[in-house]
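>>> need a 3D model of the following:
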Amino acid sequence: MGHELRAALDAVMDQRGAWPDRSPWIRHAVAAVPREQFAPGRLWRWDGHTYIPVDRTADPDAWEAEVYGSPDTAAVTQVAGGVPSSSLSCQAVVVDMLDSLLLEPGHRVLELGAGTGWNAALLSRRAGRGRVVSVEVDAELATAAAERLKLSGADVAVQVGDGAAGWLPGAPYDRVMATYGVDRVPWPWVEQTRLGGRLVVPWGRLGHVALTRAADGRSASGWVQGLATFMLARGSDLGRNFRQVRAAAPDEQERPFTRDLAPLQADWHLRFALRVALPDIRITIGEDDDGLNAWLHDGSTSWAMLAAVGGGTVAYQGGPRHLADELERAWDEWHALGEPELYDFGLMVEPGRQYAWCRDAITGPRWPTA
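As a prediction, this is how the structure comes out:
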């Protein structure tokens, strides 16, 4: 089952150059550990309004299409309160992050977020039997992942616990890999990594970073490696949505917004830079008959809407902060820095502080993380 779609997905990855040359083991591991072996019998598909179930027994073709949709498509495996809470991550991002990990045979690995177990199986394929510990906060998911891993022949220890605390009994680890997004890297992850060890973490909701623990053990730092949008840690406070924030702060300021919004939609380097400079601001882009529109809010008290009107754009904003103004200042700062790419950014993690930096961790500009 799934052989043709699996081969097609492999071919698309090959055509895109998405199989990393420095880590040929990853392609072999993906071929040896099929995604469908780690997908539950019920998946969830967004129909434009809500998530609807896709059952393997009722519609096996649709189920397979969810598992092997495209390199950039995750298969949603769990929905809570109408929002996805777990998934079989998209293959391209999993491969990219595994490449960033620089994993070698014999390494001890800590994975945060077992999910379906597929990523742990790939890690085990490289590191070896008994070398991977995976922590999952959801006991039901942990049990299912452990069963799938056992059936696949992978020897992985799946532990139930809060991933933010890591797993101290198995420390120190040569490699640490998180499968869910964080705005701040938990210090226990660094503490439980050996000196000189490597951590790969989805950070800032738009990218993943590879950090190396310093020789003195008092920090970890490294570069952004690529784009990655992952679900946040369970229990993350997402705050109010745009409509709720606007309803709580109805007073509006109105002014022309003369900047072209096209880069805000298409330039991910700009989007990442804005995420670094404005860590608490959520930006959504949409298009209607009049043109591009943008909605900004801080999840709490302030909002802005950049609305296409009559061939131009008008900024409406409410609350104590003027988010359209903040957006323009951060955008100008990015221009002044020479429009750095997302790969020009990095992250420094210390026990009492964390900050993003651009081009140089010591002398470059810095921004505190959320």
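>>> so which other helices or strands are in contact with the helix or strand bottoming out on mean pLDDT in the chain?
The weakest-scoring helix or strand in the chain, judged by mean pLDDT, DSSP states H and E, is strand 83-88 (a mean of 86). Contacts defined by 3 or more C-beta pairs under 8 Å, 6 or more residues apart in numbering; DSSP states H and E place strand 83-88 against strand 75-80. Where C-beta positions appear, they are placed from N, C-alpha and C, glycine not excepted.
>>> show me which residues of the strand it packs on are buried.
75, 76, 77, 78, 79 (16 or more other C-beta atoms under 10 Å).
>>> next, the angle strand 83-88 makes with that strand.
Interaxial angle, strand 75-80 versus strand 83-88 (axes from the mean of the first three to the mean of the last three C-alpha atoms, to 10 degrees): 150 degrees.
>>> how close does the nearest residue to residue 20 once chain neighbours are set aside get to residue 126?
Counting by C-beta to C-beta, 6 or more residues apart in numbering, residue 20 lies nearest to residue 99, which is 4.0 Å off, once chain neighbours are set aside. Distance, residue 99 to residue 126, using C-beta to C-beta, to the nearest Å: 11 Å.
>>> name the residues contacting each of these two.
residue 26 (C-beta atoms under 8 Å, 6 or more residues apart in numbering).
>>> on that earlier part again, quick one: strands adjacent to the least confident helix or strand of the chain?
Strand pairing for strand 83-88, using DSSP bridges, gives strand 75-80 (antiparallel).
>>> can you tell me the closest non-neighbouring residue to the residue in the chain sticking out farthest from the centre?
Relative to the centre of the chain, the most outlying C-alpha is that of residue 310, 36.9 Å out, by C-alpha atoms, centre = their mean. In space, and not counting its chain neighbours, residue 310 is closest to residue 290: 7.3 Å by C-beta to C-beta, 6+ apart.
>>> now do that neighbour, the pLDDT please.
At residue 290, the pLDDT value in this model is 88.
>>> shouldn't it be in contact with residue 308?
Yes: counting by C-beta atoms under 8 Å, residue 308 is a contact partner of residue 290 at 3.9 Å.
>>> the more surrounded of these two?
residue 308 (19 against 13; other C-beta atoms under 10 Å).
>>> quickly list what the residue nearest to that one when sequence neighbours are not counted is bridged to.
Take residue 308 and drop its neighbours on the chain: the residue closest to it by C-beta to C-beta, 6+ apart is residue 291, 3.3 Å away. When bridges are called by DSSP bridges, residue 291 pairs up with residue 288.
>>> strands along the stretch 51-200 of the chain, start to end?
Using DSSP state E, counting those that start in this stretch, the strands of the stretch 51-200 of the chain run over residues 51-55, 75-80, 83-88, 109-112, 132-136, 156-160, 173-178, 193-203.
>>> how far does stretch 38-47 sit from its chain's centre?
Taking the mean of its C-alpha atoms, stretch 38-47 sits 19 Å from the chain's own mean (C-alpha atoms, centre = their mean, to the nearest Å).
>>> and what of stretch 221-238?
On C-alpha atoms, centre = their mean, the centre of stretch 221-238 falls 4 Å from the chain's centre.
>>> check stretch 64-75 too.
Its chain's C-alpha centre and that of stretch 64-75 lie 17 Å apart, by C-alpha atoms, centre = their mean.
>>> give me the number of residues near the nearest residue to residue 299 once chain neighbours are set aside?
Spatially, and ignoring its direct neighbours in sequence, residue 299 is nearest to residue 239 (2.6 Å; C-beta to C-beta, 6+ apart). Applying other C-beta under 10 Å, we find 14 residues neighbouring residue 239.
>>> ok, now which ones touch residue 239?
By C-beta under 8 Å, 6+ apart, the contact set of residue 239 is 245, 298, 299, 300.
>>> could the residues you listed go into TSV alongside neighbour count?
Below are these laid out as TSV (neighbours: other C-beta atoms under 10 Å):
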residue	neighbour count
245	23
298	20
299	17
300	16
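>>> export those as a markdown table, with columns for distance to residue 141, secondary structure and pLDDT.
Below are the contacts of residue 239 laid out as a markdown table (distance: C-beta to C-beta, whole Å; DSSP: H, G, I helix; E, B strand; the rest coil; pLDDT from 0 to 100):
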| residue | distance to residue 141 | secondary structure | pLDDT |
| --- | --- | --- | --- |
| 245 | 32 | helix | 93 |
| 298 | 31 | coil | 94 |
| 299 | 27 | coil | 92 |
| 300 | 31 | coil | 93 |
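>>> with those in mind, which one is nearest to residue 334?
residue 298 (19.5 Å; C-beta to C-beta).
>>> need the contact list for the closest one.
By C-beta under 8 Å, 6+ apart, the contact list for residue 298 reads 239, 245, 280, 281, 282, 319, 321, 323.
>>> where does the residue nearest to residue 20 land on pLDDT?
Confidence for residue 99, expressed as pLDDT, is 98.
>>> just checking, it touches residue 18?
No: applying C-beta under 8 Å, one finds residue 99 not in contact with residue 18, separated by 9.7 Å.
>>> tell me which of the two has more neighbours.
Using other C-beta under 10 Å, the more surrounded residue of residue 99 and residue 18 is residue 99, with 21 against 18.
>>> surely residue 312 is in contact with residue 256?
Yes: between residue 312 and residue 256 there is a contact under C-beta under 8 Å: 6.5 Å.
>>> the closest residue to residue 141 other than its chain neighbours: how many residues sit nearby?
Leaving aside its sequence neighbours, residue 141 sits nearest to residue 86 (C-beta to C-beta, 6+ apart; 6.0 Å). If you count neighbours by other C-beta under 10 Å, residue 86 ends up with 26.
>>> kind regards, and thank you for your time.
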